[in-house]
Structure formats: structure tokens, C-alpha cells
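A.B. asks: need coordinates for the following:
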Amino acid sequence: MPSQILKARRKKNVKKGIQFCLMVCGASGTGRTTFVNTLCGKQVLEHKDSEDPNTAHVEEGVKISPVTVELDEEGTRISLTIVDTPGFGDQIDNEASFSEIVGYLERQYDDILAEESRIKRHGLRELDIELMKRLSPPPELAESKKLVMEDIEHYRIPVYNFPYDIEEDDEDTVEENAELRGLMPFAIVGSEDVIEVNGRRVRARQYPWGIVEVDNPRHSDFLAVRSALLHSHLADLKEITHDFLYENYRTEKLSKSVEGGAAADSSMNPEDLASQSVRLKEEQLRREEEKLREIEVKVQREINEKRQELLARESQLKEIEARMHREQSGQLQEHEADEA
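C.D. replies: Predicted coordinates for the structure are as follows:
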């Protein structure tokens, strides 16, 4: 049964673990390092030391720095690769930073594409990149979520907005995604310091005017973000990266190779072009077949659920009928006894 298959797949994922990749961008001083360390519950990235005044004027540019950490989330092993971007936003002209980051992402896709060209496609390395454009409102506490969302809409920045379908999704999914969407953009407080508050030891930031607790929903959206990244929406983010971001990149790359390959490379013979074209079509057909199989599994699961509901309802009706029959028989016997 589909439900058993899904349970078996979940057990397999729990046993094997999940690979997840997260790129974190932010200028120095915005809390990038603290967020990562708070997310992982331990020190993964080191804080940047105070700059030497003699070299403070030197613009080094962005440095792509991946680091992998193993997490245990409720019995599930997650191999989380954090792609840090120190130096991002620290220059007067940050155009080179954008090019460096986009180039890094494209190189990851190219590596996967090259690997697929050598072997039959049966699985991909996991790369989770939330496609974001530059968003640089002034990092001031007075900036409200409304203003940030207005900027996102104005500049048409594609963000993951926790999609849901009222007709297709269950109530819990709709309620959870609607709540998360209502929190956007997330206001996060990170801290690696543990202090005592009213007899409790909590991660928090202490200011002259008071204390801000990391894990207190009234103070910060951190718990919601962490839960979405590492639990409730991890699979969805991975699927979007693979089925949408990477597949679009891959299709565009192969299409350009097929359409413009001959003009760009005179050494490419017609047989090679034909082979590439056939491979592209085969991959498109394979993706469509995979989607059809997913739909089939979903429909079959819904049919089985409805069948179970009908069987349960039928059993209830039979039980009610039997109880009514017993009650009627008892009443009839009492009536006969009274007449006798």
C-alpha cells in the first residue's frame, strides 16, 4: 500500500540521514555567523576578529566557504552543509560579490550535470539553495516587516512563501503554512550566550533595556525558521531545488547546447548533436513519468484512505444496527412479559 511505502521510505531516510545545503548571505555585522551557530546549536562558524587598522581599507571581496556539520533532529541524521559568504556586502561596489555567488551556484549545477552526462540518471546530490535576489534594506531596528515585504513585492524578488492549496492540502498544512506566511519576513534574534532568566537557563541577548530570548516566540521568529528549515519544510525545499531550480537550469543548459552547439563548436559533428537532442528528450520524458508516478501514488493513497473511511463507517452502522436490534428484542421481551 502507498502508505506503507511512504512509511518505509521515511524509515530509510531516518536510517540513511538527509543531506541539506544552505547558503547564508549577509554583510558583516548582520548576525550571519551567530544565526548559523544558533541554528546548529553549537559553534560551526568562527566570529571574525577585529580588523587590523592597517589593512581595514583593503577590499578582499566575497569568499565562498562551505562547511558541513552533522545534526541529530528527533532521531533523523541531517548532514547540513552551510555555505558561508564572508565579505558579502562589505565593498563599495558589490557587483563582483553577486557574480561570485551566482557563479558558485552555477558551478554546483554544472558539476551535477557533468556527473549525469557520464552515468545514467538515478539520483542527485542534494543541494538546497533558496533563490534570492539582493535585498538590502537599511539594517535598522525601526524597519518594519511591512516595509520589507513592500520592497520584496516592488523589486519582484522571488521568495519561498510557504505555498498551500486549500482544496488539495489538509487542514494542518494549510494552517501551518498560512501562519508561517503571516510571519514573513522573519525577525530573528540569534545568540550563543546562555543566561539565567527567572530561574531558567536560556539562549538570549542582554541589553541595558532588557533581555531578548532566542527561543521565545514573543521575542523572535527563530523557532519557526529552524523548524521550517530542519523539519516541516526541509523536504519541500529540497524538492524545489531539484525539481524547479536545478531542472530549469539543466534544461536551459542542454537546450542551448543543442541549439547553438554547432555554431559555437565546429568540431561537434551531427551525430553528437543528435545524441544530445535525444538525451534531452529522454530526460524530459523521464521527468514527466516520475511526476505521473507521484500523482498515481497520491491518488491511490487517497482512494485507500476513502476506502478505509467507508469500511469504518460501515462497521459503525453495523454496530448501531446490532445495538438497535438488541434493544428492540429486549423491549419486545419486556412487553411480552408484561402481558403474561
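
A.B. asks: mind listing what's buried along stretch 177-187?
C.D. replies: For stretch 177-187, burial by neighbour count (16 or more other C-beta atoms under 10 Å) applies to 177, 180, 184-185, 187. Heads up, the C-betas are built off the backbone N, CA and C, glycines and all.

A.B. asks: my bad, should have said stretch 209-227
C.D. replies: So, applying 16+ other C-beta under 10 Å, buried residues of stretch 209-227: 212-214, 216, 219-222, 224-226.

A.B. asks: for that stretch, measure first residue to last.
C.D. replies: End-to-end span of stretch 209-227 (C-alpha to C-alpha, to the nearest Å): 29 Å.

A.B. asks: now do it, average pLDDT.
C.D. replies: Taken as a whole, stretch 209-227 has a mean pLDDT of 88.

A.B. asks: how close does the residue most central in space within the chain get to residue 150?
C.D. replies: For the chain, the residue nearest the mean C-alpha position is residue 237 (2.6 Å; C-alpha atoms, centre = their mean). Distance, residue 237 to residue 150, by C-beta to C-beta, to the nearest Å: 25 Å.

A.B. asks: could you pull out the strands in this protein for me?
C.D. replies: Using DSSP state E, the strands of the chain run over 18-24, 65-73, 76-84, 194-197, 200-207, 210-213.

A.B. asks: so where's the protein uncertain?
C.D. replies: 1-16, 49-60, 116-144, 257-281, 284, 340 (pLDDT under 70).

A.B. asks: what's near enough to touch residue 163?
C.D. replies: By C-beta atoms under 8 Å, 6 or more residues apart in numbering, residue 163 lies in contact with residue 177.

A.B. asks: what about it, distance to residue 301?
C.D. replies: 20 Å.

A.B. asks: quick one on the thing from earlier: quick one: closest of the strands of the chain to residue 145.
C.D. replies: strand 210-213 (16.6 Å; C-beta to C-beta).

A.B. asks: so what's the gap between that closest one and the chain middle?
C.D. replies: Distance, stretch centre to chain centre, for strand 210-213: 29 Å (C-alpha atoms, centre = their mean, to the nearest Å).

A.B. asks: which strands and helices sit next to it?
C.D. replies: strand 194-197, strand 200-207 (3 or more C-beta pairs under 8 Å, 6 or more residues apart in numbering; DSSP states H and E).

A.B. asks: can you list contacts of the longest one?
C.D. replies: Surrounding strand 200-207, the residues in contact under the criterion C-beta under 8 Å, 6+ apart are 38, 189, 191-197, 211-216.

A.B. asks: mind naming the longest helix for the chain?
C.D. replies: helix 270-339 (DSSP state H).

A.B. asks: helices or strands up against that one?
C.D. replies: helix 2-16, helix 247-264.

A.B. asks: one more time with 10 Å
C.D. replies: Using 3 or more C-beta pairs under 10 Å, 6 or more residues apart in numbering; DSSP states H and E, the elements in contact with helix 270-339 are helix 2-16, helix 95-118, helix 247-264.

A.B. asks: can I get the longest one as CSV, trimmed to CA atoms?
C.D. replies: Coordinates of the C-alpha atoms in helix 95-118 are reproduced here as CSV (Å, rounded to 0.1, in the frame of the first residue of the first chain):
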residue,chain,number,x,y,z
GLU,A,95,28.6,43.7,-8.2
ALA,A,96,31.5,41.3,-8.0
SER,A,97,30.0,39.7,-4.9
PHE,A,98,26.8,38.9,-6.8
SER,A,99,28.7,37.4,-9.7
GLU,A,100,30.8,35.3,-7.4
ILE,A,101,27.8,33.8,-5.6
VAL,A,102,25.8,33.2,-8.9
GLY,A,103,29.0,31.6,-10.4
TYR,A,104,29.3,29.3,-7.4
LEU,A,105,25.7,28.1,-7.6
GLU,A,106,26.1,27.5,-11.4
ARG,A,107,29.3,25.6,-10.8
GLN,A,108,27.4,23.3,-8.4
TYR,A,109,24.7,22.7,-11.0
ASP,A,110,27.4,22.1,-13.7
ASP,A,111,29.1,19.5,-11.5
ILE,A,112,25.8,17.6,-11.2
LEU,A,113,25.1,18.0,-15.0
ALA,A,114,28.6,16.7,-15.8
GLU,A,115,28.1,13.7,-13.5
GLU,A,116,24.7,12.9,-15.1
SER,A,117,26.3,13.0,-18.6
ARG,A,118,28.7,10.2,-17.5
